[in-house]
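Student: got a predicted structure here, sequence first:
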Amino acid sequence: MEQRMIIQAQNLSKTFRVKEKRKGLRGSLRSIVKPSYKEIKAVEDISFHIAEGEIIAFIGPNGAGKSTTIKMLTGILYPSGGEAMVDDINPCKKRKQLAYKIGTVFGQKEQLWTHLTPYDNFKFFGAVYDIAEKEVEARIEELKSTFELSEFINTPVRNLSLGQRIRCEIVASLIHKPKILFLDEPTIGLDPVVKENIRTLIKKMNKDYGMTVFLTSHDVGDIEKLCKRIIIVNHGKIVLDDSMEKVKYHYLDKKIIEIKMKEEMALPRIEGVTVLKSKGVNLKIEVDTKIISIQEVLKWLDTDNLMDITISNVPLESIITQIYKERS
Amino acid sequence: MLTVAKKELKLVGLSVKYNLMKEMINRTSFLMNVIFMILNNASFIIQWLILFQLKKDIGGYEMNDVLTLWALTASTFGISHIFFFGAYHLPNLIMNGKLDAFLVQPKNTLLSICSSKSSTSAIGDLIYGYLVIIIFDFSIQRLLLFTYFTVLGGITLTAFSVIVGSSSFLFVRGDILADNLNGAMINFSTYPEGIFKGTVRLLLYTIIPVGIVNYLPILVLREFKAIYLVAVTVFAICLTALAFWVFQKGLKRYSSSNLMSARV
């Protein structure tokens, strides 16, 4: 059966007009008399489709156009060109109608009232989404146990830790059972334990309710553990749209070998081998298996001198950095 | 349509309730804010009492008219700042890209913004307005008319603030223009109409509509004239519609931002 495309972006573009500031006092005076503007293309002609129930990572370096794209898909920003359809709704034409179907979490922006408790906030959001009192209570109970909020549900938001606050932000965005969840850097500033916790909860929401998740993050852990598909944007354009498996497979021809030796040993120059780090008895090399096999490389090493050896894939972080560099 | 309006108003009520709950957390500061605002307003009346001892009529107003003018100015300001204080923060919200949280909600964005903040001291203004009307020259008809003009004036002040605040969609630091015009609205509304002549008077019935929010209601409260009542009502409706239109147009130019922010 053909999968339904819940998010569709067709030649989506966004251009911002920014006033240019000239240097010094004279420049400032000239700007008053004759201001000059420049156009910044934040998003340029991007197209993609996302199937219902998918978790996709929408990533890119700072200023790549990730947040702008999310804001166009949620109806916050009007596109300068192209069209977006989210659950068959045009976000800039029927923003309010769309709001009932989507949940949004902006890691850098709070949606909760900080002086209120999470419980009061959830009640407020219940009213925002026209949910009946009894239904809100039941939903809060359900999410309270899933997200383990019992301990602090009656503590004012301003007194919560960042991890607790983000959990509450996600709950507030789920109160109306949205079909799509937009997460803009949800784990920013969180410690590894809390990050893992948040990831587990997002995965659970996707699995239990078939919720589509659109995630932007700089954290490779978020992407690796949650997403099966990755869209990479740079300078406002899509530079890669593929499954996580394929991305990794494509770049798996490079391996990292970490070696610990009994005595210091100098490795001769070998084609296809790059020394990443060499300090005393520790050596870290990158092997391009298209040029030389691992077996060949190992032959160059004195096995009697080896204390420990680890062969691993290139970390996803490096793969992404390489893609940014290669395709920008 | 009616159900939608009911739901929107319910949410406005809930926002104001939560805002007041926040202010009441610190009981002493809450009460001080209210009481000192009443005293602050009352102190200006002394100045007018002295002036009226020197002259019986200032700009066509007698002491009673000035009292009514101050009462109406305070109460309209009070209503607007208790229920729709967020309107006065519109330039800041636009400039710093803080409209995002309101835009992802399925409610009217402008109403949500306006009702997202409340000013505690404005409660003092509202109480002061009613105290003056009840203490001086009380009648049921005057009280009802005063209430009508208070609500209408509060809505008009808010609409005016939204229109001037929306200038931030067009140019940076629109907050300066908005602050100046909002300030002018309040300053002009504390002086008798007759002292302003020519162009200034024309301005007060057009660009800075103090004449319609304050001076016409004073004439009605002095002596009932249906035509003025209708004029004030029609003006309030038109200005409110214009505020929604201007904001909606401006929203298309909104550029958001990625600044860290919190809803406080």
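Tutor: Done, it's in.
Student: how about the residue in the stretch 151-300 of chain A positioned nearest to chain B, secondary structure?
Tutor: Nearest residue of the stretch 151-300 of chain A to chain B: A:R158, at 7.9 Å (CB to the nearest CB). Bear in mind the C-beta positions are built from the backbone N, C-alpha and C, glycine included. Following DSSP: H, G, I helix; E, B strand; the rest coil, the label given to A:R158 is helix.
Student: phi and psi next, for the residue nearest to it when sequence neighbours are not counted.
Tutor: Excluding its sequence neighbours, the residue lying closest to A:R158 (CB to CB, 6 or more residues apart in numbering or on different chains) is A:T114, at 4.2 Å. Backbone torsions of A:T114, given as degrees, to the nearest 10, read phi -70, psi -30.
Student: what about A:T114, how many neighbours?
Tutor: Close neighbours of A:T114, defined as other CB atoms under 10 Å in any protein chain shown, add up to 16.
Student: that one reaches A:L160, doesn't it?
Tutor: No. Using CB atoms under 8 Å, A:T114 is not in contact with A:L160; the gap is 9.1 Å.
Student: would you mind giving the domain segments of chain A?
Tutor: Split into domains by automatic domain parsing, chain A comes to A:5-13+A:49-249, A:253-327.
Student: could you single out the most deeply buried of the ones you listed?
Tutor: Among the domains of chain A, ranked by average contacts under mean count of other CB atoms under 10 Å in any protein chain shown, first place goes to domain A:5-13+A:49-249 (a mean of 19).
Student: I'd like the average pLDDT over it.
Tutor: In this model, domain A:5-13+A:49-249 has a mean pLDDT of 89.
Student: related to what we said a few turns ago, redo the domains of chain A as CSV? Include distance to B:W245.
Tutor: What follows is the domains of chain A, written out as CSV (distance: least, CB to CB, whole Å):
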stretch, distance to B:W245
domain A:5-13+A:49-249, 16
domain A:253-327, 44
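Student: distance of the residue of the stretch 151-300 of chain A closest to chain B relative to B:G78?
Tutor: Using CB to CB, to the nearest Å, A:R158 is found at 28 Å from B:G78.
Student: one more: A:N234?
Tutor: Counting by CB to CB - A:N234 and B:G78 are separated by 53 Å.
Student: again with A:A138
Tutor: 39 Å.
Student: got a list of what the closest residue to chain B within chain A touches?
Tutor: Closest residue of chain A to chain B, CB to the nearest CB: A:A99 (3.7 Å). A:A99 is in contact with A:G75, A:Y129, B:V104, B:Q105, B:P106, counting by CB atoms under 8 Å, 6 or more residues apart in numbering or on different chains.
Student: quick one, phi psi at it?
Tutor: phi -60, psi -30.
Student: which residues sit against stretch B:240-253?
Tutor: A:78, B:94, B:99, B:103, B:109-110, B:155-156, B:158-160, B:162-163, B:166, B:168-170.
Student: drop anything exposed from those.
Tutor: A:78, B:94, B:99, B:103, B:109-110, B:155-156, B:158-160, B:162-163, B:166, B:168-169 (16 or more other CB atoms under 10 Å in any protein chain shown).
Student: closest to A:E196 out of these?
Tutor: B:L103 (31.3 Å; CB to CB).
Student: and that closest one, what does it touch?
Tutor: So B:L103 contacts A:T74, A:G75, A:I76, A:R95, B:T109, B:L251 (CB under 8 Å, 6+ apart).
Student: how about the helices of chain A, start to end?
Tutor: Taking DSSP state H, the helices of chain A run over residues A:24-33, A:66-73, A:95-99, A:118-128, A:133-146, A:162-174, A:192-209, A:220-226, A:244-251, A:294-300, A:316-327.
Student: of all those, which one is nearest B:Q141?
Tutor: Counting by CB to CB, and looking across all of those, nearest comes helix A:118-128 at 37.6 Å.
Student: how far does the closest one sit from the chain's center?
Tutor: Offset of helix A:118-128 from its chain centre (CA atoms, centre = their mean, to the nearest Å): 27 Å.
Student: that one to helix A:162-174, inter-axis angle?
Tutor: 20 degrees (axes from the mean of the first three to the mean of the last three CA atoms, to 10 degrees).
Student: helices along the stretch 1-150 of chain B, start to end?
Tutor: Along the stretch 1-150 of chain B, counting by DSSP state H, counting those that start in this stretch, helices occupy B:2-24, B:27-54, B:63-83, B:90-95, B:100-103, B:109-114, B:121-135, B:140-165.
Student: residues from the stretch 51-200 of chain A in reach of chain B?
Tutor: A:67-68, A:71, A:74-78, A:95-97, A:99-100, A:102, A:104, A:106, A:108-116, A:120, A:124, A:127-130, A:158 (CB under 8 Å from any CB of the partner chain).
Student: rerun at 7 Å
Tutor: A:67, A:71, A:74-78, A:95-96, A:99-100, A:104, A:106, A:108-116, A:124, A:127-130 (CB under 7 Å from any CB of the partner chain).
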